[in-house]
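Peer 1: I would like to see how this sequence folds:
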Amino acid sequence: MPFKMAKHWKLYDITSGNLFQYSIDTLKNFAYYDLDDDTMRGYISEVSALPSDDPPRWMGAHIATYEIDGAIKKVEVSLYGGFFYDESSRKHYQLPDNKIDDWLSYIRRSFMTVHKGLSGG
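Peer 2: Just a heads-up that it's a prediction; the model follows:
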């Protein structure tokens, strides 16, 4: 399980541009929300890698990072479908069907928390 030791998950308040082009260094300039490590482990404990020859279709995403072995890694979290792309492994990972709705809800709530904090809402 590639994310078993991942910690310090952060979800960034970025809504524009090509999210895949933001570098980890650039992310330091944006507000973020600390995702709960235990909650994240619960969601991603059973992810499966998707075949690289058939990547999923993207319909919007959020940027998140995590730390593992002292290094910060970046992922793009799909707004739909319960999958994310891990840039360090260059793989898409899919959550189990029974966790997708709760995962999407958690990610949306977390994003709105940081986003509203910036806009005064």
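Peer 1: what about the chain, any weak spots by pLDDT?
Peer 2: Counting by pLDDT under 70, the chain contains low-confidence residues at 1, 118-121.
Peer 1: What segments of it are strands?
Peer 2: 7-12, 32-34, 48-49, 61-68, 71-78, 83-86, 91-94 (DSSP state E).
Peer 1: so what secondary structure elements neighbour the second one?
Peer 2: Pointing back at strand 32-34 there. Judged by 3 or more CB pairs under 8 Å, 6 or more residues apart in numbering; DSSP states H and E, the packing partners of strand 32-34 are strand 7-12, helix 97-119. Every residue, glycine included, has its C-beta placed from N, CA and C.
Peer 1: contacts for the first one?
Peer 2: What that stands for is strand 7-12. If you take CB atoms under 8 Å, 6 or more residues apart in numbering as the criterion, strand 7-12 is touched by 27, 30-37, 40, 62-68, 77, 107, 110-111, 114.
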